[in-house]
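[1] The sequence isn't on hand, but the structure is:
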């Protein structure tokens, strides 16, 4: 699968694309419909398959894009405006991300190091080598959920590199690292110096033209309407010229890829429901009869990457100029740019060269004349030629290199300090100080050249929300047994009338009354404490709301207002919506903000519901969660919004009503939702009951899922695709009525268009899902087992002197419930022994298989397939030696071929779900087997064969891996085994879709099953050295915990 078209159309490529889109949308930085996203994910395998098939056949066409009224501030004359923005279909977003997953490796290296914004994400971690921590980077095509580099990987580095380059460029050979402003900058410089400045040559003194300067010259630039102005032909040209053979010749495996790229820049437009007046308010307004958008639509997640692609030729020309002259530097973050120069002349020469290159580039991009800094420094002619302003208001664009005021990083350093504060550990005084600093950050004026206003406000609002968690009542005052409260209670008791005192005759009676008085005191104090805390909350909320009101087009500020209410329980939602209605914006922009705020309220409603149902919550967590729920449910919205037919607002309002109904139903212990769904009416209802049920189940806590599922699953219609994903959540709970409907499901489907991958297990009838549906359910077996002959054979089969692995584990549980000793059968050593024995038998089958055998049975991993000798059930107290003798003399065996079950959950590699028989021949199966056996090992360690209630087969993989990692963390296992399992399930070093080798460390690499077996055997030997035998043959296992191994973190950042 080395040709580009196979890589592009590969199922895993599209799953990774969905994963990145899913992660981006769920950050809620813009409006989307979460029910639409959830519904798409419920049938992800089917949906992605249809996209890939259409692309392969050449039939895929972009969906119609709908304008969205993204808010924009009124212009200087007070005219209302709307930013050009589109609602792009999920399928089209996924196709573009899948394209960039493939082409990124060819285009990202062509982008200059001084371009920081919208760069594709690369996993990054630290590893120690020769006593030094080195940065390690993964591949551009990775399984991370991040599409672009995180903000803290890009913007702070952009600002710090500017600050550092000012000193290095000016001081030249006289530069010393002590000249840098902060320890962070000195650390960056040292890392780059150790790497010989290969990544950031601007930081190398020798790069710059000789000559020490006390001042530099600078300008700030901005592109005008960047994304909408880009010429799509330029993007196509650069992509096609970049993706060639190493010798520069054309490739013969790019037809589908290039054809798709050309198609995916031509979007049909859906203007239904829009009138002429509204369309004219949009930036680059639409003709009402316009049918197509050709270019890079704002709202496309990949637009940032494509914009960078469009500028590659320009950026390379600028880099050549810089290399030739060595007296000017440029730094770019999306469309914002900073230029530094060693002289006024070199600055002007560069700007005019840049302007000519830009004009001749055919990119369609130009400078925004109103956003060139410093103000009054430059004049730009009609042909975009730069000259210095010769009027009296001329401002010299100079920088003092020690105090480069417009470009100083003091604000950034202050931000870093506030970001590093551990809010969990600070005291009340520190909370107040940080609160004051953040309020200053939010409202004070700083030069935009030092830090953009929206960046600063977004940071301050986020940290104020985090700080809200630390502002709470003083619970030390609220202890009824405290000395202060008891003394106050005794004083009150002492003032009782004598007749009242006489009722308390014994000391015990008197003490009980004093405690009751103390409780009443505490109740009153709590009321006052909540009033006190709410005053602080009101102050912070009003600041957040003021910032939102003054900058209504900055959506994150509105989001933070809602987040603050959810974290603090402050009742501010009603005031929030009144403020939105009062802001001076186009009325459609206000509607977008309303829909966006409702989206965030919906998310916080579910989040608070999940908090409220947790039993071990603190009082304050319960209080704030329930307070937000109550305030949100009581919220009454303007009726004008409820009559709006545009889908972005009507759909969000319906979602809000559905969630309110759900929470109301829960409050009266009625979990059946069908009737309340039907009462909401058709407006804004774009999804079925089953899809809304799926959405809820996907969002709520594990502790609540099953109860809600059981209450509603009988209402699910099996003609709805999403129902199959619903059934797969809890197969062991599927009710009789549903089984009656699916028992006669045909194994085959008529055409590929009829395929629903999510019901494969129910059609196949011979797998772990169906076994789970029947296992241990006598009544269900009696009625329906006859329709599933293989499952019937497995359940009724009695293997002489053997018991299936799942049955053995359950039996041991029963035996040891009241046992006073530690049972060796639950030990880490035994778990390893079981997997080693199973793996050895599978390996023997691998060796015995020939090219004429399908060898499919090798890949069937399920506990029922592995038979444990009944001798392993002995009830005697066993020493280590006794136990080892039993397991070695009575080994596990694999069940007969016709009784083997397959279960994709143990082999979560999609190409094996539909089972090929020959994957092992080409080396593709070993990785799958290692994963499957490692999952089985984890289940043995955690003593349960339960599975996560998965969304679909593709996202199940991530859920499974996350559950495995969490399970490992909570188990008392040796550090060595922990490291092995964590590495196998690592999302950094292993792309589990590509069947790559697994590198445990420099000396241990798993590329074949026997390597895995050998590692487990070594772990077993290490455990045996620390096995003890106490009095009365009581076995003990000392578990080695290696702190150094545990500290070898490879977490990406």
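    All right, it came through fine. Note that the structure is predicted; figures quoted are calculated from it, not measured. Residues are numbered from 1 along each chain as shown.
[2] Okay, helices next: where are they in the stretch 751-900 of the chain?
    Counting by DSSP state H, counting those that start in this stretch, one finds helices in the stretch 751-900 of the chain at the ranges 760-764, 768-774, 778-784, 789-796, 805-816, 828-848, 880-889.
[3] For residue 981, which of the ones you listed is the nearest?
    When the helices of the stretch 751-900 of the chain are compared by C-beta to C-beta, helix 828-848 sits nearest residue 981, at 11.0 Å. For every residue, glycine as well, the C-beta is placed using N, CA and C.
[4] other SSEs contacting that closest one?
    helix 880-889, strand 893-894, helix 925-942, helix 1009-1024 (3 or more C-beta pairs under 8 Å, 6 or more residues apart in numbering; DSSP states H and E).
[5] CSV for those, including distance to residue 1037, mean neighbour count and mean pLDDT?
    Supplementary listing: those in CSV, determined by distance: least, C-beta to C-beta, whole Å; neighbours: other C-beta atoms under 10 Å; pLDDT from 0 to 100:
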stretch, distance to residue 1037, mean neighbour count, mean pLDDT
helix 880-889, 9, 15, 92
strand 893-894, 27, 17, 95
helix 925-942, 13, 23, 85
helix 1009-1024, 7, 18, 93
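[6] For stretch 970-985, buried residues please.
    Neighbour-count burial for stretch 970-985, counted by 16 or more other C-beta atoms under 10 Å, picks out 973-985.
[7] How is the protein divided into domains?
    For the chain, the structural domains run 4-121+243-306, 552-641, 730-796, 797-906+917-1051, going by the TED database.
[8] coming back round to it: nearest approach to residue 236 belongs to which of the helices and strands packed on helix 828-848?
    In this view, the helices and strands packed on helix 828-848 are compared for proximity to residue 236 by C-beta to C-beta, and helix 925-942 is the closest at 37.1 Å.
[9] Summarise which helices and strands that closest one is packed against.
    Using 3+ C-beta pairs under 8 Å, 6+ apart as the contact criterion, the secondary-structure elements in contact with helix 925-942 are helix 828-848, helix 953-969, helix 975-984, helix 1009-1024.
[10] what angle do that helix and helix 975-984 make?
    Our comparison of helix 925-942 with helix 975-984, counting by axes from the mean of the first three to the mean of the last three C-alpha atoms, to 10 degrees, yields an angle of 130 degrees.
[11] from the middle of its chain, how far away would helix 925-942 be?
    A distance of 25 Å separates the centroid of the chain from that of helix 925-942, by C-alpha atoms, centre = their mean, to the nearest Å.
[12] now the angle from it to helix 805-816?
    20 degrees.
[13] follow-up on the earlier one: can I get the helices and strands packed on helix 925-942 in a markdown table with distance to residue 435?
    Output for the helices and strands packed on helix 925-942, formatted as a markdown table (distance: least, C-beta to C-beta, whole Å):
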| stretch | distance to residue 435 |
| --- | --- |
| helix 828-848 | 49 |
| helix 953-969 | 34 |
| helix 975-984 | 39 |
| helix 1009-1024 | 51 |
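[14] out of those, nearest to residue 621?
    Using C-beta to C-beta as the criterion, the shortest distance between residue 621 and these is 21.2 Å, found for helix 953-969.
[15] Under the pLDDT cut-off, which ranges of the stretch 551-700 of the chain? List them.
    Across the stretch 551-700 of the chain, the stretches falling below the confidence threshold (pLDDT under 70) are 639-643.
[16] switch to 80 and redo it
    Applying pLDDT under 80 to the stretch 551-700 of the chain flags residues 638-645, 668, 684.
[17] Run through the helices of it in chain order.
    For the stretch 551-700 of the chain, helices defined by DSSP H, counting those that start in this stretch occupy the ranges 555-568, 573-582, 587-612, 619-633, 639-642, 647-667, 674-678, 689-699.
[18] Which of the ones you listed has the highest mean neighbour count?
    Among the helices of the stretch 551-700 of the chain, the stretch with the highest mean neighbour count (mean count of other C-beta atoms under 10 Å) is helix 555-568, at a mean of 25.
[19] So which elements touch it?
    For helix 555-568, the helices and strands in contact under the criterion 3+ C-beta pairs under 8 Å, 6+ apart are helix 453-468, helix 507-550, helix 573-582, helix 587-612, helix 619-633.
[20] re the thing from before, how about the helices and strands packed on helix 828-848 in TSV, adding distance to residue 637?
    Putting these into TSV (distance: least, C-beta to C-beta, whole Å) gives the following:
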stretch	distance to residue 637
helix 880-889	67
strand 893-894	62
helix 925-942	47
helix 1009-1024	58
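[21] So for residue 775, which of the ones you listed sits nearest?
    It's helix 925-942; of the helices and strands packed on helix 828-848, that one is closest to residue 775 (C-beta to C-beta) at 15.1 Å.
[22] re the thing from before, of all the helices and strands packed on helix 925-942, which one comes closest to residue 999?
    helix 975-984 (7.4 Å).
[23] Report all helices and strands that the closest one contacts.
    helix 925-942, helix 953-969, strand 998-999, helix 1009-1024, helix 1043-1046.
[24] Show me the shaky parts of the stretch 351-500 of the chain.
    Within the stretch 351-500 of the chain, the stretches with pLDDT under 80 are 406, 408-435, 437-455.
[25] Please enumerate the strands of it.
    Listed in chain order, the strands found in the stretch 351-500 of the chain under DSSP state E, counting those that start in this stretch are 378-380, 386-388, 398-400.
[26] Pull out the buried residues from the second one.
    By that I understand strand 386-388. Of the residues in strand 386-388, those scored as buried under the neighbour-count criterion (16+ other C-beta under 10 Å) are residue 386.
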